[in-house]
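S.K.: Using only what follows, build the 3D model:
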Amino acid sequence: MQEQLLKAIVVDDEMPSREALSTYIRDFCPGVRIVSECNDSQSAYQSILEHRPNLVFLDIEMPNGSGFDLLRMFKTISFKVIFVTAFSEYALRAFRFSATDYLLKPVKVDELVEAVDKVKQEFTLKHSNLNLQTLMNGLSQKETISYTLVIPSTKGFTVIKISDLIMCEADGYCTNFYLTGKEKITSSKNLKHYEELLASHPFVRVHHSNLINLNHVKGYGHLGEISLSEGLGCPLGNNYKSHFLEIFGKNK
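M.R.: A predicted model of the protein is given here:
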């Protein structure tokens, strides 16, 4: 079956960055055709309306309106977005929460190809743009980081509320998620990945195989077992015991 041709728009106010990225796309991303290059959000808005692209490579910090301002102009975001940014790791963590692709400047060819391949797979699987809408909803709140988490799997992805997440458990190279309602989801990402994502939320590592939501802790027994919501539990590892007990003011 012939690969679908993706129409793309590159948005960046810095000409050298814009031209370099466009060159990389033409040279290393077959199946992607650049239909427009824009240097600000207003011209990009008009270009998107005119060309109806499948994919937009979007810088964030631009004069006369940021990349987020551009996205807010659309009631429905019908195109995929790959952010191209020099933002800090804190901001990038917010993007990861909503499974949005991003590239750090200066752009590396292998990372560009990987991001584009991911977009192609999403079109092949006919995924919706729920991931990007989730990000925009999060950005409309006072907090920068959204309160939902997208869990990728071999079959697609599931969006969960972080407050519903009781425990993450390592399962080889995968991670099991235990949620309220006795729901269990398995992710194709490892536990370390989610430990970094959830660092700004009330989650703590209590064992080499377990990451728990402190809001779901029900108790701790002298045999080293932490009791959690929904009848769940996990062991408290010796290397994590001091920090865990200190959180609850029980460290002697």
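
S.K.: Domain-wise, how is this structure divided?
M.R.: The chain breaks down into these structural domains: 6-139, 160-247 (assignment by automatic domain parsing).

S.K.: tell me, which of those domains is the model least confident about?
M.R.: Between the domains of the chain, the lowest average pLDDT goes to domain 6-139, which shows a mean of 84.

S.K.: Quick check: bridge partners of Tyr102?
M.R.: When bridges are taken as DSSP bridges, the partners of Tyr102 come out as Phe83.

S.K.: Now render the domains of the chain as a markdown table, adding mean neighbour count.
M.R.: Backbone N, C-alpha and C define where each C-beta goes, glycine included. Written out in a markdown table, the entries for these read as follows (neighbours: other Cβ atoms under 10 Å):
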| stretch | mean neighbour count |
| --- | --- |
| domain 6-139 | 17 |
| domain 160-247 | 16 |
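
S.K.: So which of those domains is nearest Val150?
M.R.: Distance to Val150, taken as Cβ to Cβ, is lowest for domain 6-139 among the domains of the chain, at 3.9 Å.

S.K.: Quick one: distance of the closest one to the chain centre.
M.R.: What separates the centre of domain 6-139 from the centre of its chain is 14 Å, taken as Cα atoms, centre = their mean, to the nearest Å.

S.K.: Looking at the chain, which helix is longest?
M.R.: helix 109-124 (DSSP state H).

S.K.: Tell me the helices and strands packed up against it.
M.R.: Packed against helix 109-124, as judged by 3 or more Cβ pairs under 8 Å, 6 or more residues apart in numbering; DSSP states H and E, are the following elements: strand 6-11, helix 15-28, strand 80-85, strand 101-104.

S.K.: Now render these as a markdown table, adding distance to Gly181.
M.R.: Supplementary listing: the helices and strands packed on helix 109-124 in a markdown table, determined by distance: least, Cβ to Cβ, whole Å:
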| stretch | distance to Gly181 |
| --- | --- |
| strand 6-11 | 38 |
| helix 15-28 | 44 |
| strand 80-85 | 31 |
| strand 101-104 | 30 |
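
S.K.: follow-up on the earlier one: between the longest helix of the chain and strand 6-11, how many degrees?
M.R.: 130 degrees (axes from the mean of the first three to the mean of the last three Cα atoms, to 10 degrees).

S.K.: Report the angle between helix 109-124 and strand 80-85.
M.R.: With the same axes, to 10 degrees defining the directions, helix 109-124 sits at 160 degrees from strand 80-85.

S.K.: Tell me what angle helix 109-124 forms with helix 15-28.
M.R.: Interaxial angle, helix 109-124 versus helix 15-28 (the same axes, to 10 degrees): 70 degrees.

S.K.: Contacts for helix 109-124, please.
M.R.: Outside helix 109-124, the residues within contact range by Cβ atoms under 8 Å, 6 or more residues apart in numbering are 3-4, 6, 21, 24-25, 28-29, 31-32, 54-55, 80, 82, 101-104.

S.K.: mind listing the strands for the stretch 101-250 of the chain?
M.R.: Secondary structure of the stretch 101-250 of the chain, counting by DSSP state E, counting those that start in this stretch: strands at 101-104, 148-153, 156-161, 165-171, 174-179, 183-187, 203-207, 210-213, 217-220, 225-228, 233-235.

S.K.: I'd like these written out as CSV, with distance to Ile60 added.
M.R.: Output for the strands of the stretch 101-250 of the chain, formatted as CSV (distance: least, Cβ to Cβ, whole Å):
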stretch, distance to Ile60
strand 101-104, 9
strand 148-153, 20
strand 156-161, 23
strand 165-171, 28
strand 174-179, 29
strand 183-187, 27
strand 203-207, 27
strand 210-213, 30
strand 217-220, 37
strand 225-228, 38
strand 233-235, 39
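
S.K.: among those, which is nearest Gly249?
M.R.: Nearest to Gly249, of all the strands of the stretch 101-250 of the chain, is strand 217-220, at 12.1 Å by Cβ to Cβ.
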